[in-house]
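Visitor: output the structure for:
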Amino acid sequence: MLVRVGAGLVVVAALIAALWLYARAWAPDRADYAVQGATIDGANGHVDWGTLAAQGADFAYIGVTGGTGVRDPAFAANWRGARAAGMRYGALMAYSLCRSPADQGTTFMTTVPRDNAALPPAIRLAFDPACGKRPRRDQLLSDLNTLVNLVESHAGKPVLLNVTEEFDEVYDVGSGINRTLWLDANFFPPDYASRSWVMWTATDMRHIDGANGPVRWNVVAP
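Guide: Below is the predicted model:
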C-alpha cells in the first residue's frame, strides 16, 4: 500500500511539474492573436530588448510607477532600450488610490517623454495591498477622469484602461469612463467588463528569454 501511495505521489508531482513548465512557456496561438507583447518593469531586471523581440514580442508596455505610485527607476533605461530595438513601446502607469490624481499626473508628465512614436499610454487599475483606501465610485471616477485628462494632454493620445476583474467588480469603470479596455485573465479570454476589450493580458506567468522572472504577456484583439 505504501509503495502504491508513493508511486501515486510521484505521478502527481510529475503532472504538476509538467503543468508548471507548460504555463511558463504558454502564449496564445498567433493564428488567433497575431499581435502580442509584454509588460516590462523594474522587476524584470536588465532587459535584452533584441532578444525579447526575437522571442516574439511585437510591442512592450513599460512600467512608469508601481502600485503605490512610486516612479519605477528602470523606466528610462527600458524606454530607451525598446526604442533602440525598433520595438513598438508605450507607457503603463499604475493608479494609486492613496495618491491624488494631480500628483500622479505630475509623476507621469515628468517621467514619460513626449514621443509621437509611442503607443497610447495605459493606466492600470488594480487594488494594491499597501493601500487600504476605497473611495466611493463617483469619487473614483472623478479622480480617474482628472488623471486621464492630464495623461492625455501630455501624450496627445487617448489612454487605455487596464482594469483587473476585482477592481471592475467594485467600480465598473468600463461603464463610467469611455476609453479602450485592457483586461486580465490567465489562459482564457476575459468576460467581466461592461464593454468589449481591445487588449488582454493572457498570462502573467510567462518566462521568456531577454527578461528576468515572469512577464505579463499581452495580446491585441483581432
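Visitor: for the residue lying closest to residue 163 once chain neighbours are set aside, give me its contacts.
Guide: Using CB to CB, 6 or more residues apart in numbering and skipping the chain neighbours, the partner closest in space to residue 163 is residue 125 (4.7 Å). Heads up, the C-betas are built off the backbone N, CA and C, glycines and all. Residues near residue 125 by CB atoms under 8 Å, 6 or more residues apart in numbering: 95, 144, 161-164, 167-168, 171, 173.
Visitor: same question, residue 219
Guide: Neighbouring residues of residue 219 by CB under 8 Å, 6+ apart: 27-28, 33, 35-37, 199-200, 202.
Visitor: what do you get for residue 155?
Guide: With contacts defined as CB under 8 Å, 6+ apart, residue 155 is in contact with 91, 112, 114, 118, 120-121.
Visitor: would you list the phi and psi of it?
Guide: With angles defined as degrees, to the nearest 10, residue 155 sits at phi -80, psi -30.
Visitor: neighbours of residue 133, just the number please.
Guide: By other CB atoms under 10 Å, 11 other residues sit near residue 133.
Visitor: secondary structure element for it?
Guide: Here residue 133, judged by DSSP states H and E, is contained in no helix and no strand.
Visitor: ok, residue 167 next?
Guide: helix 165-171.
Visitor: need the residues that contact that helix.
Guide: With CB under 8 Å, 6+ apart as the test, helix 165-171 has contacts from 125-127, 134, 137, 140-141, 173-174, 183-185, 190, 192-193.
Visitor: give the next helix or strand downstream of that helix.
Guide: helix 173-176.
Visitor: check which helices and strands that following helix sits against.
Guide: helix 137-155, strand 160-163 (3 or more CB pairs under 8 Å, 6 or more residues apart in numbering; DSSP states H and E).
Visitor: what is the last one packed up against?
Guide: Strand 160-163 is packed against strand 122-125, helix 173-176, strand 180-184, strand 197-206, with contacts defined by 3+ CB pairs under 8 Å, 6+ apart.
Visitor: quick check: mean pLDDT across stretch 89-98?
Guide: Stretch 89-98 shows a mean pLDDT of 97.
Visitor: okay, that stretch in CSV with CA atoms only?
Guide: C-alpha atoms of stretch 89-98 as CSV (Å, rounded to 0.1, in the frame of the first residue of the first chain):
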residue,chain,number,x,y,z
TYR,A,89,6.5,50.8,-27.0
GLY,A,90,4.1,52.5,-24.6
ALA,A,91,4.0,53.7,-21.0
LEU,A,92,1.9,52.0,-18.3
MET,A,93,1.3,53.7,-15.0
ALA,A,94,-0.3,52.0,-12.0
TYR,A,95,-3.1,54.1,-10.5
SER,A,96,-2.9,54.6,-6.7
LEU,A,97,-6.0,55.1,-4.6
CYS,A,98,-3.7,56.6,-2.0
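Visitor: quick one: which helix or strand includes the spatially most central residue of the chain?
Guide: By CA atoms, centre = their mean, the mean C-alpha position of the chain lies nearest to residue 39, the distance being 5.2 Å. Assigned by DSSP H and E, residue 39 belongs to strand 36-40.
Visitor: verify the stated contact: residue 213 with residue 207.
Guide: Yes - counting by CB atoms under 8 Å, residue 213 touches residue 207, with 7.4 Å between them.
Visitor: looking at these two, which one has more neighbours?
Guide: When residue 213 and residue 207 are compared for neighbours, residue 207 comes out ahead with 14 against 10, by other CB under 10 Å.
Visitor: contacting residues around the more buried one?
Guide: Applying CB under 8 Å, 6+ apart, the residues near residue 207 are 24-25, 213-215.
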